[in-house]
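>>> Build the 3D model from these lines:
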Amino acid sequence: MRYRPFGNGGQAVSALTLSLTPRDVARGPQAGCELVYSALEAGINSYRLETADPVLAEVLGEALRHVDRKLVQVSLTLGAGDGRRGSDRDFSADGMTDAIDRALRVSGLGWFDVALLDEPAEHELPQSALNALKSLRANQRVRLLGVSGAGELMDTYVSTGAFDVLSTPYHVNSEWRVRHRMRIAREQDMSVFVEGYYPEELATPQKAAAVNQPKKGLFGLGGPKRSDSPLAGAGTFAFLHRTQGWPAESICLAYALTDPGVSSVMIRANEPERLNQLAQVPDRDMPPGLSAQIEMARIASKAA
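Numbers count the residues shown, from 1 in each chain. The predicted model follows:
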């Protein structure tokens, strides 16, 4: 596992962050602990709780109980629920304070390195809530504040200077706005975490091959080339599923890691075997020419 700088305090985080959801403990606390143990053995020292679910927090705390707390980085996502008005979408001062205190109490972690707000809407985050978070930071229950999301409002949050961390979807076909936002965040000394490195639009050979293909026109003319054509998939992301020894997801993960400004890439893995496969990617170099293929497909995508 490789490690990258995080924040201005000299801390280093693993290139991969294990993102945990209640699904990871659905088979019982022991299964969740074993997943975290596998991550530790793979050298992963960065973890994210995708919700403030107390069972999830307790399992992570138990798994990390014998690890020096200063050697691991733990983020807690606030507001990630079942929709804008879901029960977890509480960005009030009391709501966020209660969620953080409850998760700290059951986990025994002592503090969260990052409190990550899940894409708060324009009028969803009152000043009183920000003041409460700053108070939690002053009391060392939270070390850093972050914001997560993909919407245009993220540009505003980045520009405020109120946040230390940006978490954003980023993948081989991300538009220029996302790349620009990441650059601005780094210029403001924000740490950048990325997720969604393997988007649904590229998840199958058929979808990847269709990204830049013209749609059928009048009388069925145009459209994707026949699969037996020598040019089938040309100018698309079809190569992602045709690279020997490299699954498409591994290529997409390796690409996200090529950006030196990215502190860590968030992964989901509900089985130790899958986790170990992904954990090998940071130590591998992409095959020669693959980066050029990605850039050519990206250019074709924007021109389509």
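
>>> list the contacts for Ala162?
By CB atoms under 8 Å, 6 or more residues apart in numbering, Ala162 lies in contact with 130, 145. From N, CA and C alone the C-beta is placed, and that goes for glycine too.

>>> A strand includes it, no?
No: in this structure, Ala162 is coil, not part of a strand, as judged by DSSP: H, G, I helix; E, B strand; the rest coil.

>>> Which strand or helix spans the closest residue to Glu200 other than its chain neighbours?
For Glu200, ignoring the flanking residues on the chain, the nearest one in space by CB to CB, 6 or more residues apart in numbering is Lys207 at 7.5 Å. According to DSSP states H and E, Lys207 maps onto helix 205-210.

>>> Can you name the element that comes right after that helix?
Proceeding C-terminally, helix 205-210 gives way to helix 248-257 as the next helix or strand, assigned by DSSP H and E.

>>> in that following helix, what's buried?
Residues of helix 248-257 classed as buried by neighbour count (16 or more other CB atoms under 10 Å): 248-257.

>>> want to throw the residues you listed into a markdown table with pLDDT and distance to Gln127?
Below are those laid out as a markdown table (pLDDT from 0 to 100; distance: CB to CB, whole Å):
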| residue | pLDDT | distance to Gln127 |
| --- | --- | --- |
| Ala248 | 94 | 44 |
| Glu249 | 95 | 41 |
| Ser250 | 95 | 44 |
| Ile251 | 94 | 44 |
| Cys252 | 95 | 39 |
| Leu253 | 96 | 38 |
| Ala254 | 95 | 42 |
| Tyr255 | 94 | 39 |
| Ala256 | 95 | 34 |
| Leu257 | 95 | 37 |
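
>>> just curious, which of those residues is nearest to Phe193?
Ala256 (10.4 Å; CB to CB).

>>> what distance separates stretch 39-50 from the middle of the whole chain?
How far stretch 39-50 lies from its chain's middle: 13 Å, per CA atoms, centre = their mean, to the nearest Å.

>>> typed the wrong thing, it's stretch 145-158
14 Å.

>>> Compute the first-to-last residue distance for that stretch.
12 Å (CA to CA, to the nearest Å).

>>> tell me the mean pLDDT over it?
For stretch 145-158, mean pLDDT is 92.

>>> same check, this time on stretch 101-117
Throughout stretch 101-117, pLDDT has a mean value of 95.

>>> Can you give me the end-to-end span of that stretch?
End-to-end distance for stretch 101-117: 16 Å, by CA to CA.

>>> residues in contact with it?
Looking at what lies outside stretch 101-117 - CB under 8 Å, 6+ apart - the contacts are 48-49, 52, 54, 57-58, 60-61, 64-65, 69, 73-79, 91, 96, 100, 125, 133, 136, 140-148, 164-165, 167.

>>> Repeat that for stretch 180-195.
With CB under 8 Å, 6+ apart as the contact definition, stretch 180-195 has outside contacts at 6-8, 17, 19, 75, 144, 146, 148, 154-155, 158-159, 161, 163-170, 256, 259, 261-266.

>>> Please list the members of these that lie in strands.
6, 17, 19, 75, 144, 146, 148, 165-169, 262-266 (DSSP state E).

>>> What separation do you get for Glu41 and Ala185?
The gap separating Glu41 from Ala185 is 32 Å, by CB to CB, to the nearest Å.

>>> Who has more neighbours out of the two?
Ala185 (24 against 13; other CB atoms under 10 Å).

>>> Is the more buried one part of a helix or strand, or is it coil?
Under three-state DSSP, the three-state class of Ala185 is helix.

>>> Renumber starting at 22 from here on
Taking 22 as the first residue, the last one we looked at is Ala206.

>>> mind showing which ranges of the stretch 22-171 of the chain have poor pLDDT?
30, 102-109 (pLDDT under 70).

>>> go with 90
Along the stretch 22-171 of the chain, the parts satisfying pLDDT under 90 run over 26-32, 47-48, 100-113, 140-148, 150-151.

>>> For Ser180, which non-adjacent residue is closest in space?
Ile205 is the one closest to Ser180 (CB to CB, 6+ apart), at 7.4 Å.

>>> cool, and Ser128?
Ser128 sits nearest to Gly82 (CB to CB, 6+ apart), 3.0 Å away.
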